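# no FASTA, just this:
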Ligand SMILES: Nc1ncnc2c1ncn2[C@@H]1O[C@H](COP(=O)(O)OP(=O)(O)OP(=O)(O)O)[C@@H](O)[C@H]1O
Ligand SMILES: [Mg+2]
């Protein structure tokens, strides 16, 4: 080997941190499941620290407390005006309050991974470093989605507390179907994140203008998932979207578990469900079965879409794309 | 230098017929146009080339960020297209001039996150981060928010990230861009010390500072328009221009600039020396780097200078520098780019005068 020609100005200074572990080929293999767990958990933690606005109390308050409560109030006032008072009005109000509170969590889970892609690529410019790390990109985004979902769930809880304390929402804790509630809540998480991953896959392909995509998509979903009004008021073709959409079944399942006697967002007179099945409303078991089925399908579809998108991003050089410079 | 372990390893970098086309409108850009390259384990390899030559594109492909349009590339025997996961565990990359980072995290937290992505244990990660922060001289800033770091400190943090996984190969894309003299030197020292600590560690560096490449690299490829124009040790590359005479000419004025001389018979190239004091038009001394096919061409140059009314203040033969090689191969002097470079480089003055260094 030749030595540099110029007089070396550079005096390398040894440091023990520079010692290494050699060239064992096993190092290229990784540690399998242990790595997966570690990557996932680190991504959750990263999302929690970077995106949950913990360190800025005002922002945290606005996004986690004020926003869900405000949208809840908005809907409740609208119901108040349209639906009037009395027992029927009360039922509608409860229906809307539950749906709206759940929406805080849904929104966070669905838009979270996409926002992670956009933030990391444009704002922090770390996407490429995450991408070329050994952590599976999909897993990192799921982890980020989980942390968003967790923060969103706090918004849901806060909105519910607000509804109980301030708006006088009455939930009979003894009547709540707890096993059903826990089961639906858990079964809903994969499909919610899957929708988030699907949206992230789309945002990976787009440029800066896609900042509004996650919210727009979630907003559209809001209308067809029976969150604040039953599917039956939608045109039949749109009801199809509602029925194959796991979010619909999740919201219906959670709502049904909390208020077993309350109205259903899915069945009822002139609903597509009733036309198709001849039953009034899906019961608990049916709700869970369909949630499982639609959840599995959307999880598979989202994973496939993400794979394709990731491949295309690597082909087109989109992973470190920034519009700023 | 080559310990037994490295002799048994596949090439650190192996590239064959590599092409990369960016499908952009209105016309696709060919960034890499048939690159063949092999870098042995343990080499300190440099890529030199003008802006837009394709250096970063090559690094992106080798670091699995981008797929090739055609051809093959592998890192320690692992194919970039099909074995990316393996490559990611044994390589790392650091780019210069970037404002990247999770501003809200502390330096220590951000690095720890990456240590976890690189598969270190939680406690081991903290230990490794602290030890590396100490090694890169960022120990005092470890609890500072990333957003508050200066450019140089941020680059040291990036270096620490690049070393977290004890990579077999480290890709450095203009790592000293925008750093002051001492910060740039600190980065070079760090890289040399790190590489020297374990035989077989490989570095691929791109830089626009000729002296940096000369000082650090054992082998250099000069690329332009996506092709490798020349490849060899710095000494071999310089010998290419040694066939010709390389002169440094100083005159009191030069009407029409060096282009006038470049047109003369026997003159291979004439360019303003990088260290010219270009203060106004009244410059009393203009230094020109001349490359002549042979010494006879000098007669013509002197005659032309006399006819133009230029007085010769000095004439020295100079050892060819990498810059001379670069100018000859790429065809445009770094003098043209010196302004842009100086603007980018901040105060890295000791490197903007490669000619002088070599003249001693
Ligand atoms: N994402 C992209 N889309 C379209 N063209 C691109 C893209 N990235 C690079 N190019 C083009 O490819 C060519 C090579 O660019 P590259 O960044 O590899 O050059 P470079 O040698 O690193 O230059 P520099 O010294 O300025 O960093 C240039 O012509 C550039 O415009
Ligand atoms: Mg570049």
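Perfect, thanks for sending it. Because the structure is a prediction, the values reported are computed rather than measured. Ligands and ions are numbered 1, 2, ... in the order given.

# hey, where'd the strands end up in the stretch 201-325 of chain A?
Assigned by DSSP state E, counting those that start in this stretch, the strands in the stretch 201-325 of chain A number zero.

# how about the residues of it that lie near chain B?
A:314, A:315, A:316, A:317, A:319, A:320 (C-beta under 8 Å from any C-beta of the partner chain). (Glycine included, C-beta is placed from N, CA and C.)

# and which of these is nearest ligand 1?
Proximity of these to ligand 1 was ranked by C-beta to the nearest ligand atom; the top entry is residue A:317 with 4.2 Å.

# Report how many residues lie close to that closest one.
Using other C-beta atoms under 10 Å in any protein chain shown, residue A:317 has 19 neighbouring residues.

# How many residues are close by the residue lying closest to it once chain neighbours are set aside?
Leaving out its chain neighbours, the residue that sits closest to residue A:317 by C-beta to C-beta, 6 or more residues apart in numbering or on different chains is residue B:66, at 5.0 Å. Residue B:66 has 26 neighbours, counted by other C-beta under 10 Å.

# Report the contact partners of residue B:66.
Contact analysis of residue B:66 by C-beta atoms under 8 Å, 6 or more residues apart in numbering or on different chains lists A:314, A:317, A:319, B:20, B:57, B:60.

# Sort out which of the residues you listed are buried, if you could.
Among those, those scoring as buried are A:314, A:317, A:319, B:20, B:57, B:60 (criterion: 16 or more other C-beta atoms under 10 Å in any protein chain shown).

# just the residues you listed now: which is nearest residue A:197?
residue A:319 (16.1 Å; C-beta to C-beta).

# The closest one touches residue A:128, doesn't it?
Yes. Using C-beta atoms under 8 Å, residue A:319 is in contact with residue A:128, at 5.5 Å.

# what is in contact with those two at once?
Common contact partners of residue A:319 and residue A:128 (C-beta under 8 Å, 6+ apart): residue B:65.

# mind showing which ranges of the chain have poor pLDDT?
No chain was given, so I picked chain A. A:1-10, A:52-55, A:83-85, A:87, A:208-210, A:324-325 (pLDDT under 70).

# Let me rephrase: I mean chain B.
For chain B, the stretches with pLDDT under 70 are B:1-4, B:277-283, B:332-360.

# hang on, the earlier thing: can you pick out the most distant pair from the buried ones among the contacts of residue B:66?
The distance between the two most remote of the buried ones among the contacts of residue B:66 (C-beta to C-beta) is 14.4 Å, for A:319 and B:20.

# hey, where'd the strands end up in the stretch 151-300 of chain B?
Ranges of strands in the stretch 151-300 of chain B, per DSSP E, counting those that start in this stretch, are B:169-173, B:202-206, B:219-224, B:227-232, B:245-251, B:267-272, B:286-292.

# actually the stretch 1-150 of chain B, sorry about that
With DSSP E, counting those that start in this stretch as the criterion, the stretch 1-150 of chain B has strands at B:13-22, B:29-39, B:44-48, B:70-75, B:78-79, B:91-95.

# that older thread, may I see the strands of the stretch 151-300 of chain B organised as a markdown table, with mean neighbour count and distance to ligand 1 added?
Converted to a markdown table, the strands of the stretch 151-300 of chain B look like this (neighbours: other C-beta atoms under 10 Å in any protein chain shown; distance: least, C-beta to the nearest ligand atom, whole Å):
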| stretch | mean neighbour count | distance to ligand 1 |
| --- | --- | --- |
| strand B:169-173 | 24 | 7 |
| strand B:202-206 | 25 | 7 |
| strand B:219-224 | 23 | 7 |
| strand B:227-232 | 18 | 12 |
| strand B:245-251 | 20 | 25 |
| strand B:267-272 | 21 | 19 |
| strand B:286-292 | 22 | 22 |
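
# Residue 149: what's it in contact with?
Unless you meant another one, I'm taking chain A. If a contact means C-beta under 8 Å, 6+ apart, then residue A:149 has A:105, A:108, A:109, A:112, A:189, A:192, A:193 as its contacts.

# my question was about chain B
Residue B:149 neighbours (C-beta under 8 Å, 6+ apart): B:101, B:107, B:141, B:157.

# give me the number of residues near the first one?
Read it as residue B:101. Other residues near residue B:101 number 21, with proximity taken as other C-beta under 10 Å.

# Tell me which residue is most central in the chain.
No chain in the question, so chain A it is. Central residue of chain A (C-alpha atoms, centre = their mean): residue A:109, 1.2 Å from the mean position.

# Chain B, not that one
Mean-position check on chain B, C-alpha atoms, centre = their mean. Result residue B:207 at 1.7 Å.

# Do I have it right that that one meets residue B:44?
No. Assessed by C-beta under 8 Å, residue B:207 is found out of contact with residue B:44, at 11.8 Å.

# Check which helices and strands the longest helix belonging to chain B sits against.
Of all segments of type helix in chain B, defined using DSSP state H, the longest is helix B:181-197. The contact analysis (3 or more C-beta pairs under 8 Å, 6 or more residues apart in numbering or on different chains; DSSP states H and E) places helix B:181-197 against helix B:151-163, strand B:169-173, strand B:202-206, helix B:210-216.

# what's in contact with it?
Residues from elsewhere that reach helix B:181-197 (C-beta under 8 Å, 6+ apart): A:9-15, A:18-20, B:44, B:135-137, B:151-152, B:155-156, B:159, B:163, B:170, B:172, B:175-176, B:179, B:201-203, B:205, B:212, B:215-216, B:347-351.

# Show the buried residues in those residues.
Here, 16+ other C-beta under 10 Å leaves A:10, A:12, A:15, A:18, A:20, B:44, B:135-137, B:151-152, B:155-156, B:159, B:163, B:170, B:172, B:175-176, B:179, B:201-203, B:205, B:212, B:215-216, B:348, B:350-351 buried among these.

# list the contacts for residue 159?
If you meant another chain, say so; for now it's chain A. Counting by C-beta under 8 Å, 6+ apart, residue A:159 makes contact with A:68, A:69, A:72, A:100, A:101, A:104.

# oops, chain B please
Per C-beta under 8 Å, 6+ apart, neighbours of residue B:159: B:94, B:136, B:175, B:187, B:190, B:191.

# How much space separates it from residue B:92?
To residue B:92, residue B:159 is 10 Å away according to C-beta to C-beta, to the nearest Å.

# May I see the buried residues of stretch B:287-307?
Judged by neighbour count using 16+ other C-beta under 10 Å, the buried positions of stretch B:287-307 are B:287, B:288, B:289, B:290, B:291, B:292, B:297, B:298, B:301, B:305.

# Next up, the contacts around the last one.
Contacts here follow C-beta under 8 Å, 6+ apart; on that basis residue B:305 touches B:251, B:261, B:312.

# isn't the second one right up against residue B:267?
Yes. Taking contact to mean C-beta under 8 Å, the distance of 5.8 Å between residue B:261 and residue B:267 places them in contact.

# which residues are in contact with both of the two?
Shared contacts of residue B:261 and residue B:267 (C-beta under 8 Å, 6+ apart): B:290, B:301.

# okay, now the one residue in the stretch 151-300 of chain A that gets nearest to ligand 1: neighbour count?
Residue nearest to ligand 1 within the stretch 151-300 of chain A (C-beta to the nearest ligand atom): residue A:207, separated by 11.6 Å. Close neighbours of residue A:207, defined as other C-beta under 10 Å, add up to 14.

# ditto for residue A:188
Burial of residue A:188 is recorded as 23 neighbouring residues (other C-beta under 10 Å).

# before we move on, what about residue B:139?
Neighbours of residue B:139 (other C-beta under 10 Å): 13.

# Also residue A:82?
Using other C-beta under 10 Å, residue A:82 has 9 other residues around it.

# same thing with residue A:166?
A count of nearby residues for residue A:166, using other C-beta under 10 Å, gives 12.

# ok so, going back, for the residue nearest to the residue nearest to the centre of chain B when sequence neighbours are not counted, give me its contacts.
Leaving aside its sequence neighbours, residue B:207 sits nearest to residue B:213 (C-beta to C-beta, 6+ apart; 5.3 Å). Contact partners of residue B:213, counting by C-beta under 8 Å, 6+ apart, are B:46, B:48, B:205, B:207, B:220, B:234, B:322.
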